[in-house]
Each structure stands twice: as C-alpha cells, then as structure tokens.
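In: Quick one, structure for this:
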Amino acid sequence: MAQAETSAELTIPGPVKVMEVDFEARPVAKADFGYFRFVPGQVAPVHHHLAPAIGLVSSGRILYQAEGEPARILNEGEAFYEPAGPSILRFDNMSATESAVFIDFSLQREGEPFIALDEEPAQPIDRTSLPTIDLGGRTVGHVDVYSRHLPASASAELTASEPLIGIVAEGVVELRLDGGETTRLVEGNTFALIEEGASAELGNGSSEVEARVVTYHLR
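Out: Numbers count the residues shown, from 1 in each chain. Have a look, this model is predicted:
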C-alpha cells in the first residue's frame, strides 16, 4: 500500500497487521454485514455460522468462546474470527452499565444465511444490516486484517493487490475511490476495493482527532 503524506513534517504510520485467518477455501458470492449493539449485560444466544465470520469490536468488551476453545476477552478495537461449523458458546457484553458495539461480516456462498441460532435469544438482538458487498464467486481461503491510524487532517492511499473490505473503526473518513467523488464515512461505515489495482484515497475528516480504518484483505 502506498502512503501519501499531507506535508513534509507529517509522518503517517503504516498499516499494522492485527490478525490473519485461514479456512477451507470457498467460492464467495457476497460479504454480508451486520452492525450490532448489545445493551449492558446482554448475553448472545448459542449460535453457529455456515460461513466464516470476521469482525471488529467498535466499543466495549466482549466475552467470546467458540466450542472447543477457552473463553477470552475481546477489547475495544480488536478484530475477531468466528469459524464456520463450531457453536459460538459466548459472545456477551461484559459490562453491566455500558453498551457494546461490534461489526461483523460473513463470507457467504450463494444462499447461505448470516447466522444460525442454536437456541432462542433471551433478549432482542439489535442488528442493523449494512450494505452487502458482491464478491462474484471469488475463491477465498485466507484473510489478513490490518489497522491503520490517520492523524488529524492526514490522508493515505490504498491500492488493492487483492480484494479488500474496509471498516471505519474510529472517527470520520473522507473516501475517494479511483479518483471519483468523495464520500464521507463515519464509524461503522464500510467500503470495498474488489478489482486488482483499484485505488482509494482516505482522508481524515477531522482537523482535531485521529481516525482509524481496519481493512480485511481476501485471498
């Protein structure tokens, strides 16, 4: 990924790899997104995924446990992976006083559902569907996850050597795809560069606070 500096004095930190996952390669028709908000103390129902699910904790802390694995804590800003097949035993808001927000997407074959519930939820699940990204049947078996911080007023360039999906994790980002019109994205908004060589300019829309973008590179 090439990076563009806004001035000679400003050094923009490069992307940092925060996770990589491998799974059985599959033809992916679409990436289906959900934006979830769990109320204080909310406990997720036991569930499983037919398609690999990957996401980001936007705020709060989540207690996560997949079948056959020990429980662990997902902190604000962390990426996570829910494999296809095993039951997800815990995906619970750890706070009794604060909400938890997370975004996830699943790499679905044609006709696969976003989620399958093993039990009925004890509380209503607040899920907002985000725009689906058409992947046209591309074969995917590996995902690299990168986090990129943009200082106030800074900008950087992305060039796709493989299909990538981006999520604004913090702040406000002004996105310009392939030299076209600029779109203003806030926390939780997504974008995609699907074709090899596609490019985008990411600009921090604030002159006061930093922004952060997480990108998921599919291959």
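
In: okay, now residue 187: neighbour count?
Out: 18 (other C-beta atoms under 10 Å). Placement of C-beta: from N, CA and C, glycine included.

In: what's it in contact with, if anything?
Out: 58, 168, 169, 170, 171, 172 (C-beta atoms under 8 Å, 6 or more residues apart in numbering).

In: just checking, which of the residues you listed belong to strands?
Out: Judged by DSSP state E, the subset of the contacts of residue 187 located in strands is 58, 168, 169, 170, 172.

In: just for the protein, where's the confidence low?
Out: Low-confidence segments of the chain (pLDDT under 70): 1-11.

In: let's see it at 90
Out: 1-14, 77, 114, 129-131, 169, 178-180, 187-188, 195-197 (pLDDT under 90).

In: what about stretch 109-118, how long is it end to end?
Out: 21 Å (C-alpha to C-alpha, to the nearest Å).

In: Counting neighbours, which bits of it end up buried?
Out: The neighbour-count check on stretch 109-118 (16 or more other C-beta atoms under 10 Å) flags 112, 114, 115 as buried.

In: what does stretch 133-145 give?
Out: Neighbour count says stretch 133-145 has 133, 135, 138, 140, 143, 144, 145 buried, by 16+ other C-beta under 10 Å.

In: Now intersect the residues you listed with the strands, please.
Out: Cross-referencing the buried residues of stretch 133-145 against strands under DSSP E gives 133, 135, 138, 140, 143, 144, 145.

In: The fourth one pairs with what?
Out: With DSSP bridges as the criterion, residue 140 is bridged to residue 26.

In: show me what contacts it?
Out: Residue 140 touches 25, 26, 28, 107, 163, 218, 219, counting by C-beta under 8 Å, 6+ apart.

In: re earlier: now the buried residues of stretch 133-145 as a markdown table including distance to residue 197?
Out: Below are these laid out as a markdown table (distance: C-beta to C-beta, whole Å):
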| residue | distance to residue 197 |
| --- | --- |
| 133 | 18 |
| 135 | 17 |
| 138 | 15 |
| 140 | 18 |
| 143 | 20 |
| 144 | 18 |
| 145 | 21 |
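
In: Out of these, which is nearest to residue 83?
Out: Nearest to residue 83 among the buried residues of stretch 133-145 is residue 143, at 11.8 Å by C-beta to C-beta.

In: Pick out the one among the contacts of residue 140 with the largest number of neighbours.
Out: Ranked by neighbour count (other C-beta under 10 Å), those have residue 107 at the top, with 28 neighbours.

In: Now flag whichever of the ones in strands among the buried residues of stretch 133-145 is closest to residue 20.
Out: Distance to residue 20 across those (C-beta to C-beta) is lowest for residue 144, with 4.9 Å.

In: contacting residues around that closest one?
Out: 17, 19, 20, 216, 217, 219.

In: hmm, 7 Å instead?
Out: Neighbour list for residue 144: 17, 20, 217 [criterion: C-beta atoms under 7 Å, 6 or more residues apart in numbering].

In: If you rank these by neighbours, which is first?
Out: Counting neighbours by other C-beta under 10 Å, residue 217 leads those with 21 neighbours.

In: mind checking the SS state of that residue?
Out: For residue 217, the secondary-structure state derived from DSSP: H, G, I helix; E, B strand; the rest coil is strand.

In: List the contacts of residue 113.
Out: residue 50.

In: hmm, 10 Å instead?
Out: Residue 113 sits next to 32, 49, 50, 51, 106 when contact means C-beta atoms under 10 Å, 6 or more residues apart in numbering.
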